[in-house]
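pasting a predicted model and its sequence here:
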Amino acid sequence: MLKKLIKYDLKYGAKIFIVIHALLWIAAIFGRVFFLDRIDFDAPAEQLASMLVLFFSAFVLLFSVVSLATALLIAARFYKNLFTDEGYLTWTLPASPVQQLWAKILSGCIWNILDLILLYSATYFMWISPNVQNAYRMIAAEFTASLGMPLSKFFLLMVLLSIIGVGSNVLMLYASISIGQLFPAHRLLLSVIVYFIFYMIIYALSMGALIKLLPGIALSANTVNEAASMSTYLTGTFLISLVLSAVMAVIQYVITHLILTRKLNLI
């Protein structure tokens, strides 16, 4: 039954997901062919900086919209299938609340991972432009020294952290929606508020842990020490975020499970 539930969940919004990410890749192809492959990195600094800022700002916005759209698809499926009038049919299926929840978690994680793969692969596709690579070689040593690690390692850490945090992201959506449906009115608005409360809690705990566990991190004038400090800071940030995400995921799973089994309130 679990496989069937996952299959039906993945069908929901599949066309929208494909269209959104197809548009993303079309933009990435156009961005590389008509901008990155043609831009003159020997142009005056002010002119080059303004063009790059505009280009990267546009793609950061595009990536954010695509990620948000994926999250909304995941959240919409969870809410509509379990808490609206559709839920009256869903809860008559021969599946326990635990199976229903895990079907949503696994399908949500699959959507999220596919989203990350397409986002990061589009980024990599633009990055491997020969024009960009030639320009980066001129500043690679300085960039690595300031960051404390090669850009490839930093990118890999970002990818791993994102993929590992998928479960936590999905559960934060589900817990927020589950708490929001406890109220008689304005459920969606309250779900959004709860989501931001969860986000601020994780952010505050992350910053507090960084200040307490990494008090000696400070950039010095020495390049070696600066690189070591930045590398330690980034690595510590990733690890702390990972631990906090795991702890919050467990808490959010328990909250969602309890609401589905004891406090279910359909519209």
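On my side now, so go ahead.

what about residue 245, how many residues nearby?
Neighbourhood size, residue 245 [other C-beta atoms under 10 Å]: 21. Quick note: C-beta positions are derived from backbone N, CA and C, even for glycine.

mind telling me what element it is part of?
helix 223-262 (DSSP states H and E).

what is that helix packed up against?
helix 97-127, helix 140-147, helix 151-164, helix 166-180, helix 187-213 (3 or more C-beta pairs under 8 Å, 6 or more residues apart in numbering; DSSP states H and E).

what about residue 57, distance to residue 261?
According to C-beta to C-beta, to the nearest Å, residue 57 and residue 261 sit 45 Å apart.

same thing with residue 128?
Distance from residue 128 to residue 261, by C-beta to C-beta: 49 Å.

please apply the same query to residue 113.
Applying C-beta to C-beta to residue 113 and residue 261 gives a distance of 27 Å.

what sits against residue 234?
Residues near residue 234 by C-beta atoms under 8 Å, 6 or more residues apart in numbering: 147, 148, 149, 154, 157.

follow-up on the earlier one: winner for burial among the helices and strands packed on helix 223-262?
The highest average neighbour count among those, using mean count of other C-beta atoms under 10 Å, belongs to helix 166-180 at a mean of 23.

helices and strands around that helix, which ones?
helix 45-83, helix 97-127, helix 187-213, helix 223-262.

now do the same contact list for the spatially closest residue to residue 31 that is not a sequence neighbour.
Distance criterion C-beta to C-beta, 6 or more residues apart in numbering; nearest residue to residue 31, sequence neighbours excluded, is residue 126 at 5.8 Å. By C-beta under 8 Å, 6+ apart, residue 126 lies in contact with 28, 31, 32, 36, 59, 132.

residues near the residue nearest to residue 12 when sequence neighbours are not counted, how many?
Distance criterion C-beta to C-beta, 6+ apart; nearest residue to residue 12, sequence neighbours excluded, is residue 77 at 4.6 Å. Per other C-beta under 10 Å, the neighbour tally for residue 77 reads 20.

contacting residues around residue 77?
By C-beta under 8 Å, 6+ apart, the neighbours of residue 77 are 9, 12, 13, 104, 107, 108.

and if we set it to 10 Å?
Applying C-beta atoms under 10 Å, 6 or more residues apart in numbering, we find residue 77 in contact with 8, 9, 10, 11, 12, 13, 104, 107, 108, 111.

got it, and residue 195?
71, 75, 172, 173, 175, 176, 177, 179, 180.

show me which pair in the residues you listed is furthest apart.
71 and 179 (16.8 Å; C-beta to C-beta).
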